[in-house]
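Undergrad: give me coordinates for this.
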Amino acid sequence: MKVGILKEPKDEARVAMLPEAVKTLISWGAEVCVETGAGQTAYADDDAYRSSGAEIKQRAEVLTESDMICGIQALPLEEISKMKPDAVLLGQMGALFNPELTKFLIEQKRTAFSMELVPRTTRAQSMDVLSSMATVLGYKATLLAANSLPRFFPMFMTAAGSITPARVLVIGAGVAGLQAIATAKRLGATVFAFDVRQAAKEEVLSIGAKFIDVAGATEDKAAGGYAVEQSAEFIQRQKDTIHEHAQKADIIITTAQIPGRKAPLLVEERTVHAMKAGSVIVDLAASSGGNCALTQPDQTIDINGVRIIGVGNLAAELPQDASKMYGKNYLNFLKLIIKDGAINLNFEDDIVLGTCVCHAGEAKNSRIAEMIKQ
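TA: This is a model prediction of the structure:
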């Protein structure tokens with residue numbers, strides 16, 4: 001079996017596997033071919049891959065010769081067509097948000113796995129690329145906010161007087177939110193956090209932030225740790241509470257998302273206009289609609305002195321460690337579908353089934369199956 005690793009698009013600095021992960025994969029009996037320059041932006045050159053045992057080839061050769069392609073961003077449809085008919089495609093394809101790609105894969109009877117579909121279960125934690133990349137996002141979002149804020153984060157006692165600490169509001173206390181809270185605390189800010197899940201309260205308090213409580217949230221244990229949609233009454237109370245706290249905040253970092261759906265709108269236009277000049281909003285949900293009403297994806301805008309940063313692929317700004325984490329997630333997943341150096345798909349395994357977009361012309365993931373019926 002030959003596994004191919006491709007160079008990502010020009011706006012993506014990560015690579016699916018660094019040489020250390022490739023070496024492990026080869027020890028399992030697989031052959032690995034890597035597109036020339038694939039790891040360059042993650043500071044892994046072709047020689048490092050050769051030393052790990054990989055072959056370095058041109059893109060066309062990797063596409064046509066590999067039995068499995070491991071990537072991050074979705075491949076263009078014309079490149080998928082060049083793969084072997086029975087080759088397996090893995091990536092973070094946004095299958096629920098990209099119906100054209102998903103339907104193409106099904107029509108072409110391809111076998112594809114989209115890593116953002118990995119079930120949110122205890123057994124699958126080591127394969128969860130969303131959680132790994134959320135760690136990067138929370139950390140980088142806080143540094144981005146600190147660099148954009150026209151004042152200090154920590155408290156200072158100086159001969160010129162005292163500087164009070166920055167006040168940070170984190171909306172959403174999942175992996176990204178908790179990392180944002182921890183990073184802001186390390187930088188010396190006073191941190192407040194909001195999440196609809198009461199289970200998040202203890203975690204928020206344990207890292208030194210203050211939890212903002214809004215009673216009446218709907219929770220669903222079957223949601224795998226994610227937030228779920230709320231009632232209209234609760235959403236309005238939530239927005240009013242955020243509006244009140246936003247007026248006192250120097251920084252708001254929003255991380256709230258619902259898998260397969262548009263991000264909830266939590267920071268209204270009226271809230272932005274009520275914030276202090278010089279305040280900063282970093283919206284990590286920009287790519288799925290944004291938590292802030294005025295967010296523009298991949299853009300930084302200024303509204304009456306309030307800077308709103310609609311972040312794009314922030315994980316690519318830490319390409320070395322992000323690629324290392326991504327590759328480890330891949331290896332843990334590949335253990336389930338590679339046996340004795342060959343591809344072995346066991347759809348009785350809930351992780352294999354849940355992560356699979358399609359196989360032999362059939363949608364495997366239940367949410368994908370529902371989407372293509374619409």
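
Undergrad: tell me which element the residue nearest to S287 when sequence neighbours are not counted is part of?
TA: With CB to CB, 6 or more residues apart in numbering as the criterion, S287 has its nearest non-adjacent residue at 5.8 Å, and that residue is P297. All C-beta atoms are positioned from the backbone trio N, CA, C, and that covers glycine. For P297, there is no enclosing helix or strand under DSSP states H and E.

Undergrad: for S51, same thing?
TA: Taking DSSP H and E as the criterion, S51 maps to helix 46-52.

Undergrad: before we move on, the earlier item: how deep is the residue nearest to S287 tucked in, by neighbour count?
TA: For P297, the neighbour count with other CB atoms under 10 Å is 14.

Undergrad: was I right about R110 contacting G91?
TA: No. Here R110 does not reach G91: they are 12.0 Å apart, not a contact under CB atoms under 8 Å.

Undergrad: if you count surrounding residues, which of the two has more?
TA: Taking neighbours as other CB under 10 Å, R110 and G91 compare with G91 leading, 24 against 21.

Undergrad: tell me who's in contact with the more buried one.
TA: Applying CB atoms under 8 Å, 6 or more residues apart in numbering to G91 gives the contacts 16, 69-75, 112-115.

Undergrad: what sits against the closest residue in space to it that isn't next to it in sequence?
TA: Of all residues not flanking G91 in the chain, G71 sits nearest, at 4.3 Å (CB to CB, 6+ apart). Residues near G71 by CB under 8 Å, 6+ apart: 5-6, 8, 16, 89-91.

Undergrad: so which of the residues you listed are in strands?
TA: 5, 89-91 (DSSP state E).

Undergrad: show me where pLDDT drops low in the stretch 251-374 of the chain?
TA: Along the stretch 251-374 of the chain, the parts satisfying pLDDT under 70 run over 260, 374.

Undergrad: over to the stretch 101-250 of the chain?
TA: Residue ranges of the stretch 101-250 of the chain with pLDDT under 70: 216-230.

Undergrad: let's see that with 50 instead.
TA: Residues of the stretch 101-250 of the chain meeting the criterion pLDDT under 50: 220, 222-225.

Undergrad: can you map out the strands along it?
TA: 111-114, 156-158, 161-163, 167-171, 190-194, 210-212 (DSSP state E, counting those that start in this stretch).

Undergrad: the last one: which residues count as buried?
TA: Which is strand 210-212. 211-212 (16 or more other CB atoms under 10 Å).

Undergrad: what's it packed up against?
TA: Using 3 or more CB pairs under 8 Å, 6 or more residues apart in numbering; DSSP states H and E, the elements in contact with strand 210-212 are strand 190-194, helix 199-206.

Undergrad: can you list the strands that it pairs with?
TA: Strand pairing for strand 210-212, using DSSP bridges, gives strand 190-194 (parallel).

Undergrad: not counting the partner strand itself, show me its contacts.
TA: With CB under 8 Å, 6+ apart, strand 190-194 has contacts from 165-173, 177, 181, 184-185, 200, 204, 208-212, 214, 238, 241-242, 245, 249.

Undergrad: could you dump that strand to CSV, C-alpha only?
TA: Extracted in CSV, the C-alpha atoms of strand 190-194 (Å, rounded to 0.1, in the frame of the first residue of the first chain):
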residue,chain,number,x,y,z
THR,A,190,-9.1,39.6,33.9
VAL,A,191,-11.2,37.0,32.0
PHE,A,192,-14.9,36.3,31.9
ALA,A,193,-16.4,33.4,30.0
PHE,A,194,-19.8,32.4,28.7
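
Undergrad: circling back to that earlier point, for the helix holding S51, packing partners?
TA: helix 19-27, strand 31-35, strand 55-57.
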